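build me a model:
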Amino acid sequence: MESFKRTEMIYDPPRGWLDLRLRQLWIYRELLYFFVWRDLKVRYKQTLLGAAWAILQPVMTMIIFSIIFGRLVNIKPPGDIPYPVYTYVALLPWQLFSGALASASASLVSNQSMITKVYFPRILMPLASVLSGLVDFAIAFIVLL
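Residues are numbered from 1 along each chain as shown. The predicted model follows:
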């Protein structure tokens, strides 16, 4: 009877802030693609307007800011820039940042069962949430151009 040698894999936590294990991210790039695709499908299937929501949200916020700060408070932007364009340019990166922060932190909690059952680099979940938010940013940036 043959004896079987038992092998164990030990995963050490990364040391320091800069050890992102980019090689593992490259190995699991297809899984990252599917996580991003899943986030986009879920986001746009659950809304009545679909991808138009990516355009409507910053435009409506810009209109509200323009009415309140441009008309009522009478704030003037520097130079000859129209106030709605001035606020829209500022809103796009802010909405990307705030949405990325909220969705990245929520992604770990909402995918807890997958994280505890299957091994993959844990950074893929928040990264997929941020990348799916970049799609909204790109759509809204096209409107800006």
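
pLDDT weak spots in this structure?
Counting by pLDDT under 70, the chain shows low-confidence ranges at 1-4, 9, 11, 13-14, 17-20.

ranges for the strands of it?
Ranges of strands within the chain: none, based on DSSP state E.

so Ser66 versus Leu91, what's the distance?
11 Å (Cβ to Cβ, to the nearest Å). Where C-beta positions appear, they are placed from N, C-alpha and C, glycine not excepted.

grab the nearest non-local neighbour of the spatially most central residue of the chain.
Residue closest to the average C-alpha location in the chain (Cα atoms, centre = their mean): Val130, at 2.0 Å. Sequence neighbours aside, Ala100 is the residue nearest to Val130 in space, at 4.4 Å (criterion: Cβ to Cβ, 6 or more residues apart in numbering).

the one you found: what's it in contact with?
If a contact means Cβ atoms under 8 Å, 6 or more residues apart in numbering, then Ala100 has 129-130, 133 as its contacts.

that one and Trp94: what is the separation?
For Ala100, the distance to Trp94 - Cβ to Cβ - is 11 Å.

ok, longest helix in the chain?
Counting residues, the longest helix found in the chain (DSSP state H) is helix 83-110.
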